[in-house]
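Q: With the sequence up front, the predicted model follows.
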Amino acid sequence: MRKINRATIVHFSPTGTVRKVALAFKDGCAPLTSKVSVHDVLTPESRTELIDCTQDTLLIFAFPVYYGRMPLPLRGLNFLKGHGTPAIIATVYGCRACEDAGREAAMELTERGFVPYCIGEVPARHSLNHEVAPARPDHRDARELRLLIGELIRGIEGETWLPYACDTATPLKPYGHQFLNPEPVDATLCKSCFVCAKFCPMGIIDKDTKRIQESHENECEACMACVERCPKHLRAIPAKVADPFKEHMRLFKEQLCSRPQGELPDELPILVRLTDKTGARLFKAGGSHEATL
Ligand SMILES: Cc1cc2nc3c(=O)[nH]c(=O)nc-3n(C[C@H](O)[C@H](O)[C@H](O)COP(=O)(O)O)c2cc1C
Ligand code: SF4
Ligand code: SF4
């Protein structure tokens with residue numbers, strides 16, 4: 001029987017929803033393990049330090065879904081090392097779809113010495129359109145995540161759950177790329193606090209101009225960390241890109257909001273994909289836990 005004595009929570013959260021999910025997991029872990037640590041891997045500097053996880057640790061790895069995949073700056077997971085360490089993956093998504101994000105993380109974590117047990121799909125506010133599920137994760141989500149973590153730890157320790165049976169054969173869907181390249185709308189109001197440059201996960205904002213460096217214009221992840229965190233609310237997507245993009249996001253929201261009851265952004269349940277002796281299962285957090293796969 002496996003014993004989990006500590007938990008390491010690693011999150012990448014440009015606009016804060018993933019962090020909320022990570023902190024709900026932290027609260028859920030507190031009574032169960034003697035030691036819980038939280039690591040924010042948003043900035044390039046934070047990803048230079050190796051997070052080495054012993055076999056009796058549970059890794060909880062939480063990140064936003066980008067184009068149905070894991071965000072580009074996380075690729076390779078060089079900042080994580082496991083030693084047969086059990087792992088839970090939390091894919092936080094803007095109510096469209098998670099697609100290959102969890103599977104990609106499961107494959108990469110396995111390469112890095114972890115044993116993934118499940119993939120959670122957590123609906124959240126969309127970072128490119130705050131009108132989609134604006135309040136999620138909310139109190140109910142946080143409560144369900146707190147309860148869920150206890151259940152998952154018991155399932156791993158009691159060997160109710162088997163390591164996640166990951167499909168490694170099907171190619172991952174291509175990574176899309178929106179070149180939104182936010183910039184200061186009025187540089188004269190900038191107070192040179194460098195918050196935008198500090199929290200850019202790609203490290204591509206020029207400290208003098210506060211714009212994306214010319215040689216890195218194709219690297220912006222459109223993650224919105226710089227827009228969200230500028231204390232003067234100065235940063236925005238330039239008009240020539242913003243106008244067609246706004247229309248795209250309006251149609252996107254319309255599509256989401258014309259879904260049937262139960263699939264609307266504010267109603268989507270937290271789902272967990274895992275494997276037990278009967279095979280692959282889909283669990284609904286806070287629900288009846290029916291197998292629907
Ligand atoms: C570039 C980009 C691509 C995204 N792609 C998807 C997607 O494929 N599916 C989805 O449901 N949400 C998608 N989202 C929404 C985010 O996954 C979601 O809002 C997440 O909660 C953001 O996390 P954060 O608040 O920690 O930054 C995308 C967001 C961005 C910025
Ligand atoms: S410049 Fe692009 S990658 Fe950097 S924080 Fe802003 S949106 Fe994210
Ligand atoms: S975060 Fe805003 S105010 Fe601070 S340096 Fe960047 S653009 Fe200027």
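A: Happy to help now that I have it. Ligands and ions are numbered 1, 2, ... in the order given.

Q: what helix or strand is the residue nearest to Pro137 when sequence neighbours are not counted on?
A: Nearest residue to Pro137, sequence neighbours excluded (Cβ to Cβ, 6 or more residues apart in numbering): Lys20, at 5.0 Å. C-beta coordinates here come from the backbone N, C-alpha and C atoms, glycine included. Assigned by DSSP states H and E, Lys20 belongs to helix 17-29.

Q: and that helix with ligand 1, contact?
A: Yes: Helix 17-29 reaches ligand 1 (Cβ under 6 Å from any ligand atom) through Thr17, Val18.

Q: how many neighbours does the residue in the stretch 1-150 of the chain that ligand 2 sits nearest to have?
A: Proximity of the stretch 1-150 of the chain to ligand 2 (Cβ to the nearest ligand atom) peaks at Pro14, 6.1 Å away. Using other Cβ atoms under 10 Å, Pro14 has 26 other residues around it.

Q: go on, Glu111?
A: As a burial measure, Glu111 scores 12 neighbours (other Cβ under 10 Å).

Q: and the nearest residue to it once chain neighbours are set aside, how many residues sit next to it?
A: Nearest residue to Glu111 in three dimensions, chain neighbours excluded: Leu77, at 7.6 Å (Cβ to Cβ, 6+ apart). Neighbour count of Leu77, defined by other Cβ under 10 Å: 20.

Q: again with Val65
A: Val65 is flanked by 24 other residues according to other Cβ under 10 Å.

Q: Against Pro163, how distant is it?
A: For Val65, the distance to Pro163 equals 22 Å [Cβ to Cβ, to the nearest Å].

Q: Strands of the stretch 151-293 of the chain, start to end?
A: Per DSSP state E, counting those that start in this stretch, the stretch 151-293 of the chain carries strands over the ranges 161-162, 183-184, 235-236, 271-276, 279-284.

Q: roughly how far is the fourth one from the heart of the chain?
A: The chain centroid and the centroid of strand 271-276 are separated by 18 Å under Cα atoms, centre = their mean, to the nearest Å.

Q: quick one: pLDDT of the residue sitting furthest away from the middle of the chain?
A: Distance from the C-alpha centroid of the chain, by Cα atoms, centre = their mean, peaks at Thr188 (34.3 Å). At Thr188, the model reports a pLDDT of 89.

Q: Can you report how many residues neighbour the residue of the stretch 151-293 of the chain found nearest ligand 1?
A: Closest to ligand 1 within the stretch 151-293 of the chain is Ala222: 4.2 Å, counting by Cβ to the nearest ligand atom. Counted with other Cβ under 10 Å, the neighbours of Ala222 add up to 20.

Q: Flag every residue of the stretch 101-250 of the chain that's near ligand 2.
A: Residues of the stretch 101-250 of the chain lying close to ligand 2 by Cβ under 6 Å from any ligand atom are 182, 200-202, 204-205, 212, 220-226.

Q: Filter those residues down to the buried ones.
A: Neighbour counting with 16 or more other Cβ atoms under 10 Å marks 182, 200-202, 204-205, 212, 220-226 as buried within these.

Q: Dump those to TSV, plus pLDDT and distance to Ala285.
A: TSV is the format used below for these (pLDDT from 0 to 100; distance: Cβ to Cβ, whole Å):
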residue	pLDDT	distance to Ala285
Pro182	96	34
Cys200	98	33
Pro201	98	28
Met202	97	33
Ile204	98	37
Ile205	97	37
Ile212	97	38
Cys220	96	34
Glu221	96	28
Ala222	96	29
Cys223	97	26
Met224	97	27
Ala225	98	27
Cys226	98	32
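
Q: Out of the residues you listed, list just those in helices.
A: Within those, residues falling in helices by DSSP state H are Ala225, Cys226.

Q: burial measure for Met1, as a count.
A: 5.

Q: Now do the phi/psi pair for the residue of the chain found nearest ligand 1.
A: Going by Cβ to the nearest ligand atom, ligand 1 is nearest to Gly94 of the chain, at 2.9 Å. When quoted as degrees, to the nearest 10, the phi and psi of Gly94 stand at phi -90, psi 40.

Q: just Leu148 next, same as before
A: Torsion angles, degrees, to the nearest 10, at Leu148: phi -60, psi -40.

Q: now it, nearest residue through space, not along the chain?
A: Here the nearest residue to Leu148 in space, its sequence neighbours aside, is Ala285; by Cβ to Cβ, 6+ apart that works out to 4.7 Å.
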